[in-house]
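Asks: model the structure of this input:
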Amino acid sequence: MKKISVALFQHFTCRRLNSFAPFASQSYSSAPSTSSSPSPPIEPPTHLKHCTKSHGLLTRNKFQANSCRNMDTLVDTRTQISSRQRKIKEKSELEEAFESAETSEDMLKIFKDMEATFDERDLGLASLKIGLKLDQEGEDPEKALSFADRALKALDKDNKPSLLVAMTLQLMGSVNYSLKRFNDSLGYLNRANRILGRLRGENDDAGDIWPILHAVQLELANVKTAMGRREEALENLRKCLEIKELSLEEDSKELGKANRDLAEAYVAVLNFREALPFCMKALETHKKQLGNNSVEVAHDRRILGVIYSGLEEHEKALEQNTLSKKILKNWNLNSDLLRAEIDAANMLIALGRYDEATGTLRSIVQQTDADSETRALVLISMAKALCNQDKFADAKRCLEIACGILDKRESISPVEVAEAYSEISMQYEAMNEFETAISLLKRSLGLLEKLPQEQHSEGSISARIGWLLLLTGKVQQAIPFLESAAETLKDSFGPKHFGVGYIYNNLGAAYLELARPQSAAQMFAVAKDIMDVSLGPHHADTIEACQNLSKAYGEMGSYGLAIEFQQQAIDAWESHGAGAADELREAHRLLEQLKQKASTASSNEVPTKALPLPDTPQPTSSSQPNMSLQSRSRV
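Replies: Reported below is the predicted structural model:
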């Protein structure tokens, strides 16, 4: 997680007369300043980051600061200083020393002396500052948490909303995230968010609130992503962008980066259409502010290439890749350039230009170290090109070398290695080497299960294992993996993501194979309901789910419902025109077959109306998790 709390603290405190106002004898007001131009969140301007410190934690008047100047110089001033004045001076010196401390070690030493002089309420903000510094360094999260907790107890005694309490809660959330205590982190961040919402409602000027609110929203997105709740995380990231749009100048560089971050988040959940406009906005902003040859523009074009590839617009993807490579070459960013070359080769493979891709990859492999992950990625792409040309022996040789490299890197780069194993498994799947493909996916799953922030990938891998087991007739073995995928991914991609429908569709097929038509009908019904929303009722996969539902009801002997859903499938195929003539002909054949069975069936068949969509479908295994998501091997 990006450590942003210290910058926010500086931004907040530098806008007041004294950066440690709670130590002043006057009462502290939590109302935001009346500045008319709110500063950018996360990265405040330089003059705010490095503002001149007011000397001392106390707000002192001029007379007090210069009280000895008018006294007779012949008098020994040491004997004239009262005990009260001496304490004030000592406190002032400690305050100045604490403000000037640059390392956490120095801050902690001075804090020990402050504990003997200040009461706990006055020490609250100092504890917050130390906690922020420790969190930024990231070396001792437990110690950071202890100071954050102390600050919260000191600053949150009256239960009144204030920016300082919100900042402290944000720190508590950040530190708990570092400790992988995601539920605790979420609780503190949600409370901070509620406080900031109240403050926004009470004040017309949100200049001080925006940077803290942005920090809270960003950390909420990180925590929810780590918990696998990616759809909810997207909402927080959208709010981050909205805050920046309100607090930054139009077309600023930082605003461009925020648009790109949101685009990447949508790419992570395979929502390429939603990602596209945000990436385009980032590109236009960075071109306007930094020029066509900036590194930021190169990064924007790289993401745009990924998005176009996801949309299967491979020519556009290759065009963006070429422009990105040109910039990276000008800036001598060789590592990024090498990855872009690999991306280009994969785009050429997608376009069927295998010889070009192979030539590019042979050139790249010479630039890589023998045991590097990059070489493994090159070999995987080489295997893909060879596999598409039916050169299976050569493809397997490349994959075996890649696996040998990756095996040594499992403990160093578990996420990257897991992704590579998944890609290799797809090559073996394409060569009908299903056992090898499943074995590699299980290795990938073993790595991802240890990483809570990779729950979405874990669920996707489980879904693919389940699908391959189902494909090879191992139905009983497939169901636990499909159920696990559904449970893990329901929050990651959202309940109406098209991948959810594919998992339900596969579970329905599994139950049908096990002669459980009622369970199958429930799964197919949920699949159809999801696909109606995510893909539309006339999409080929939605129609397939509808026909599967018809088949399940037919197996149950409920021919009225079976005929109804088969007719829906026919109506949907008819909207495809001549291009779906074969599918429409088969759909009509199935309908006639159902009508014949219905005419000879007894009149007391049940059910006579569709089964309800289950909130918690009942699987055939004993675990009975909440079914939510599945994807076919292509997802």
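Asks: is L196 in contact with P211, as I believe?
Replies: No: assessed by Cβ atoms under 8 Å, L196 is found out of contact with P211, at 10.5 Å. (Each C-beta comes from the backbone N, C-alpha and C, glycine too.)
Asks: A598: what's its closest spatial neighbour, skipping adjacent residues?
Replies: Y559 (3.6 Å; Cβ to Cβ, 6 or more residues apart in numbering).
Asks: the one you found touches T600, doesn't it?
Replies: No: Y559 lies out of contact with T600 (Cβ under 8 Å); the separation is 9.7 Å.
Asks: those two: which has the busier surroundings?
Replies: Y559 (21 against 7; other Cβ atoms under 10 Å).
Asks: give me the most central residue, the chain.
Replies: T225 (4.3 Å; Cα atoms, centre = their mean).
Asks: how much space between that residue and K257?
Replies: Computed as Cβ to Cβ, to the nearest Å, the T225 to K257 distance reads 18 Å.
Asks: quick one, helices of the stretch 401-550 of the chain?
Replies: Ranges of helices in the stretch 401-550 of the chain, per DSSP state H, counting those that start in this stretch, are 414-430, 434-448, 455-471, 475-489, 498-513, 517-534, 540-556.
Asks: show me what the fourth one is packed up against.
Replies: Here helix 475-489 touches helix 455-471, helix 498-513, going by 3 or more Cβ pairs under 8 Å, 6 or more residues apart in numbering; DSSP states H and E.
Asks: how about that helix: buried residues?
Replies: 475, 478-489 (16 or more other Cβ atoms under 10 Å).
Asks: between the residues you listed, which is closest to L469?
Replies: A478 (3.7 Å; Cβ to Cβ).
Asks: and the pLDDT for the residue nearest to the closest one when sequence neighbours are not counted?
Replies: Of all residues not flanking A478 in the chain, L469 sits nearest, at 3.7 Å (Cβ to Cβ, 6+ apart). pLDDT, L469: 97.
Asks: I'd say L469 and P480 touch.
Replies: No: with contact defined as Cβ under 8 Å, L469 does not reach P480; the gap is 9.4 Å.
Asks: and the one helix or strand L234 maps to, what's buried?
Replies: Per DSSP states H and E, L234 falls inside helix 230-247. Within helix 230-247, the residues that qualify as buried are 230-234, 236-241, 243-244, 247, counting by 16+ other Cβ under 10 Å.
Asks: and of those residues, the nearest to Y354?
Replies: R230 (34.6 Å).
Asks: now the nearest residue to the closest one once chain neighbours are set aside: how far from L234?
Replies: Once flanking residues are discounted, R230 sits nearest to S492: 4.5 Å by Cβ to Cβ, 6+ apart. Applying Cβ to Cβ, the value for S492 to L234 is 11 Å.
Asks: need the overlap of contacts for these two.
Replies: Common contacts of S492 and L234, defined by Cβ atoms under 8 Å, 6 or more residues apart in numbering, comprise V269.
Asks: and the helix or strand hosting A126, how far out from the chain's middle?
Replies: Using DSSP H and E, A126 sits within helix 120-137. Its chain's average C-alpha position is 29 Å from that of helix 120-137, according to Cα atoms, centre = their mean, to the nearest Å.
Asks: packing partners of that helix?
Replies: Looks like helix 120-137 contacts helix 5-13, helix 104-115, helix 141-155, helix 163-178 (3+ Cβ pairs under 8 Å, 6+ apart).
Asks: show me the shaky parts of the stretch 101-250 of the chain.
Replies: Judged against pLDDT under 70, the low-scoring parts of the stretch 101-250 of the chain cover residues 204-206.
Asks: got the phi/psi numbers for G228?
Replies: phi 90, psi 10 (degrees, to the nearest 10).
Asks: just E250 next, same as before
Replies: Torsion angles, degrees, to the nearest 10, at E250: phi -60, psi 140.
Asks: for S444, see how far away it is.
Replies: Distance from E250 to S444, by Cβ to Cβ: 44 Å.
Asks: ok, these two, which is more surrounded?
Replies: S444 (27 against 7).
Asks: ok, that one touching S425?
Replies: Yes: with contact defined as Cβ under 8 Å, S444 reaches S425; the gap is 7.4 Å.
Asks: which residues touch R273?
Replies: L311.
Asks: distance of it relative to C546?
Replies: Counting by Cβ to Cβ - R273 and C546 are separated by 24 Å.
Asks: swap in E341?
Replies: To C546, E341 is 44 Å away according to Cβ to Cβ.
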